[in-house]
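# generate coordinates for the sequence data below:
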Amino acid sequence: MKTFAAINVGSYEQSLKIYTITKNSGIREVDWIRNRLDLGGTFATGKLSHEVMDELCAVLRNFVSIMEGYRVDDYRACATSAIRETKNTAIVLDQIMQRTGVKLDVLSNSEQRFLDYKSIASRGGFEKIIEKGTLVLDIGGGSIQMSLFDKDKLSATQNMRLGVLRLQEKMSRLNVRPSENGPLLEELLEAQLSVFRKMYLKDRVIENIIVVDDYISALILGKLGKVAGSGYLDRDSMASYMNYLQDHTDMEIVRYFDTPEENVPLLRISSAIVRQVALMTDAKMIWAPGVSLCDGMVYEYAEEYKLLAQVHDFEQDIVTCARGISKRYMGSKRRAETLEQIALTIFDSMKRVHGMGRRERLLLRIATLLHDCGKYISMVNLGECSYAIIMATEIIGLSHLEREIIANVVRYNIRDFEYDMIQLETEGTLSLGKNGKQEDVRLLIAKLTALLRQANSMDRSHCSKLAGCKMAVKENQLVVTTDSSEDISLE
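Next up, the predicted model:
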């Protein structure tokens, strides 16, 4: 048995969860400590005040004492958008480490949402629900993430800066009467969501919405628990409760839903988001599993150390997402599949030579799928345009640094490789390399680029002549064996 602690430094709440993990019983939550501290001021100023910093460090020191009491075997501490959007993130993280001993990982948006997504998957019923058209609505303090599933596959995901704290700050700047907040908020949401509807929904049928947040989920699982049953609520019941939140006073809401008065403003905003998304999709059922980022952290930990059986192929979701991006930019499906097959065959044949593992293989796979996305903009400046598209497009499950690696590999696929000229935007830690330093990252880019260019040269005619060939390393040479009867002069 292992005891694991997960710390989430959220935008408006900090939480610590203690878990036990066993192969027979799986993951069991032992304790959940929550602290309300609003860090949302960083969205407006880009900085944490000294007072807030002092209070945050005091909270984390308390969490450390609790973890020591439980004698945890391991822990992970993550921060989200409020810390991510500070102008002096490195200084903040160093101060937290020096003053509390807590090593805080700042998650990119895609990493954060992927952990939330894993937390949902850890609950029973997830696989059944996503067999039909499903939208996962993940509401945070700084933004929301909407992910579409069809036939149990992740087909598209998009982030929008419509988080509850960010919207609250926007509404406060308007300086209007409380009675006008509701209609203005709906107008703001509709203007943003209409773009998502045009781009991603079209003729798609969405039957279910899965909500991940700290307010509506608590409401459905708490006050509405008897009606909802394990967090499930039909469309009409949900609409009536959303209307109640918009039409009644704060004190009436406090009494009716038995919720703290300080939660009401953010509860209204969260409900407005759910309401607008429900109207946009016309979904029949809403499920609030009541999960948090901490649940995703422990699931990933247990998954990494093989302490429980995998319930869903998350790696395939990343690949499916990349295929969707390629399709959006009119990439060649046949060419990408050929390049993917050849590149992965080379990778697998040369494991002892390149020394890379499963995660690097995934990055190479995604690079093959996105290798020609830049043609959508320019066929002359293909490499630079592909780089720009990949860097501007979020791929759920990949960190910003991993996306930057893929973008550089695709860029250097068709231009001279300049090892010393690679300038990385991200200084983050890379678990793939030895210690995450930029030299390790550059070396990884060099290796993956070499593999992609080799695969590219083996399909120079774009006719898949060498697809299905066999490869093996013999006497320090990669020997390619093919029974193709076609002219392979170009290759």
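# from Cys463, how far off is Ser489?
Using Cβ to Cβ, to the nearest Å, Ser489 is found at 12 Å from Cys463. Every C-beta, even on glycine, is put in place using the N, C-alpha and C of the backbone.
# which of these two has more neighbours?
The neighbour count for Ser489 versus Cys463, taken as other Cβ atoms under 10 Å, is higher for Cys463 (17 against 7).
# could you measure from the more buried one over to Ser484?
As judged by Cβ to Cβ, Cys463 and Ser484 stand 10 Å apart.
# do the same with His312
To Ser484, His312 is 38 Å away according to Cβ to Cβ.
# could you do Gly140 as well?
Shown here: Gly140 relative to Ser484, a distance of 52 Å by Cβ to Cβ.
# more crowded one of these two?
Using other Cβ under 10 Å as the criterion, Gly140 and Ser484 rank with Gly140 on top: 27 against 14.
# my guess is that one contacts Ala79, does it?
No. With contact defined as Cβ atoms under 8 Å, Gly140 and Ala79 do not form a contacting pair (12.0 Å).
# show me the shaky parts of the stretch 101-250 of the chain.
Applying pLDDT under 70 to the stretch 101-250 of the chain flags the ranges 178-179, 222-230.
# hey, where'd the helices end up in it?
Ranges of helices within the stretch 101-250 of the chain are 109-121, 126-129, 164-174, 178-196, 216-221, 225-228, 235-247, 250-257, based on DSSP state H, counting those that start in this stretch.
# chain neighbours aside, what residue packs nearest to Glu303?
Closest residue in space to Glu303, ignoring its immediate chain neighbours: Gln310 at 6.4 Å, by Cβ to Cβ, 6 or more residues apart in numbering.
# if you could redo that for Ile445, that was the one I meant.
Leaving aside its sequence neighbours, Ile445 sits nearest to Asn408 (Cβ to Cβ, 6+ apart; 4.8 Å).
# and the gap between that neighbour and Leu233?
Note on Asn408: its distance to Leu233, by Cβ to Cβ, is 46 Å.
# residues in contact with Ile389?
The contact partners of Ile389, taken as Cβ atoms under 8 Å, 6 or more residues apart in numbering, are 325, 329, 370, 373-374, 376-377.
# just give me the closest of these to Lys132.
Ranked by distance to Lys132 (Cβ to Cβ), the contacts of Ile389 are led by Ile325 at 23.7 Å.
# the closest one touches His371, doesn't it?
No. In this structure, Ile325 is not within contact of His371 by Cβ under 8 Å, at 11.8 Å.
# so those two - more neighbours on which side?
Between Ile325 and His371, His371 has the larger neighbour count (other Cβ under 10 Å), namely 28 against 19.
# and the residue nearest to that one when sequence neighbours are not counted, what element?
Closest residue in space to His371, ignoring its immediate chain neighbours: Val410 at 5.4 Å, by Cβ to Cβ, 6+ apart. Assigned by DSSP states H and E, Val410 falls within helix 400-411.
# now for that helix, which elements pack on it?
For helix 400-411, the elements it packs on are helix 358-369, helix 382-392, helix 438-457, judged by 3 or more Cβ pairs under 8 Å, 6 or more residues apart in numbering; DSSP states H and E.
# how long is stretch 400-419 from one end to the other?
Stretch 400-419 stretches 20 Å from its first residue to its last (Cα to Cα, to the nearest Å).
# and for it, what's in contact with it?
With Cβ under 8 Å, 6+ apart as the test, stretch 400-419 has contacts from 108, 110, 363-364, 366-367, 370-371, 373-374, 382-384, 386-387, 390-391, 394-395, 398, 422, 424-426, 428, 430, 432, 441-442, 444-446, 448-449, 452-453, 456.
# re the thing from before, just say which of the helices of the stretch 101-250 of the chain is most tucked in.
A comparison of the helices of the stretch 101-250 of the chain by mean neighbour count, using mean count of other Cβ atoms under 10 Å, puts helix 109-121 on top with a mean of 24.
# Asn408 and Leu233: who's more crowded?
Set Asn408 next to Leu233 and count neighbours by other Cβ under 10 Å: Asn408 wins out with 26 against 22.
# do you know how far the more buried one is from Ser386?
10 Å.
# hey, where'd the strands end up in the chain?
In the chain, the strands defined using DSSP state E lie at 2-9, 14-22, 26-35, 74-79, 104-106, 134-139, 144-150, 153-160, 208-212, 232-234, 285-287, 470-474, 477-481.
# redo those strands as a markdown table? Include distance to Lys170.
A markdown table is the format used below for these (distance: least, Cβ to Cβ, whole Å):
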| stretch | distance to Lys170 |
| --- | --- |
| strand 2-9 | 23 |
| strand 14-22 | 24 |
| strand 26-35 | 26 |
| strand 74-79 | 23 |
| strand 104-106 | 24 |
| strand 134-139 | 15 |
| strand 144-150 | 14 |
| strand 153-160 | 13 |
| strand 208-212 | 22 |
| strand 232-234 | 28 |
| strand 285-287 | 25 |
| strand 470-474 | 56 |
| strand 477-481 | 57 |
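# coming back round to it: give me the pLDDT for the residue nearest to Glu303.
Here, the pLDDT recorded for Gln310 equals 71.
# among the helices and strands packed on helix 400-411, which is the most enclosed?
Highest mean neighbour count of those: helix 358-369, a mean of 21 (counted as mean count of other Cβ under 10 Å).
# excluding its backbone neighbours, what's nearest Ile366?
In space, Ile366 is closest to Ala322, 4.6 Å off (Cβ to Cβ, 6+ apart).
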